[in-house]
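Asker: below are the sequence and a predicted model for it; my questions follow.
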Amino acid sequence: MADYDITDTVDITDVVCPLTFVKAKVAIEELEDGQILSIRMNDGEPVQNVPRSFKEEGHQILKLINNNDGTYDLIVKKVEE
């Protein structure tokens, strides 16, 4: 059982870098401080870049889940600056 409640989910498996982070960033900007976004993304470049980009913006990475189907779910908590 997860110790967090996901507020919103966004699927970025249909977009390529650099739009992957742009789409995820738009989704998190719609949330309130402390709310949680789940981002479904493809393995590879998004997994390398999207978590790092969120960290650089000051958000909290809670979990990166391997779905074992070539996709990952990144769980991010919004932190207001």
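Answerer: Happy to help now that I have it.

Asker: all contacts plus neighbour counts: C-alpha atoms, from now on.
Answerer: Will do.

Asker: show me where pLDDT drops low in this protein?
Answerer: Residues of the chain that meet the criterion pLDDT under 70 lie in 1-2.

Asker: how about the strands in it?
Answerer: 8-11, 36-42, 60-66, 71-77 (DSSP state E).

Asker: so what strands line up beside the last one?
Answerer: Based on DSSP bridges, the strands next to strand 71-77 in the sheet, each with its direction, are strand 36-42 (antiparallel), strand 60-66 (antiparallel).

Asker: mean neighbour count and distance to residue 10 added to those strands, as TSV?
Answerer: Listed next are the strands paired with strand 71-77 as TSV, based on neighbours: other CA atoms under 10 Å; distance: least, CA to CA, whole Å:
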stretch	mean neighbour count	distance to residue 10
strand 36-42	24	5
strand 60-66	15	14
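
Asker: could you dump those to a markdown table with distance to residue 6?
Answerer: Shown next, in a markdown table, are those (distance: least, CA to CA, whole Å):
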| stretch | distance to residue 6 |
| --- | --- |
| strand 36-42 | 5 |
| strand 60-66 | 11 |
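
Asker: of these, give the one that comes closest to residue 5.
Answerer: strand 36-42 (6.8 Å; CA to CA).

Asker: how distant is the closest one from the center of its chain?
Answerer: Centroid separation for strand 36-42 versus its chain: 4 Å, with CA atoms, centre = their mean, to the nearest Å.

Asker: contacts for it?
Answerer: Residues outside strand 36-42 that contact it (CA atoms under 8 Å, 6 or more residues apart in numbering) are 4-13, 24, 27-28, 47, 70-78.

Asker: would you write a PyMOL line that selects the buried entries of those residues?
Answerer: Buried residues among the contacts of strand 36-42 (16 or more other CA atoms under 10 Å), as a PyMOL selection:
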select buried, resi 9+10+12+13+24+27+28+47+71+72+73+74+75+76+77+78
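
Asker: now do the same contact list for the closest residue to residue 34 other than its chain neighbours.
Answerer: Using CA to CA, 6 or more residues apart in numbering and skipping the chain neighbours, the partner closest in space to residue 34 is residue 78 (5.1 Å). Counting by CA under 8 Å, 6+ apart, residue 78 touches 28, 31, 32, 33, 34, 35, 36, 37, 59, 60.
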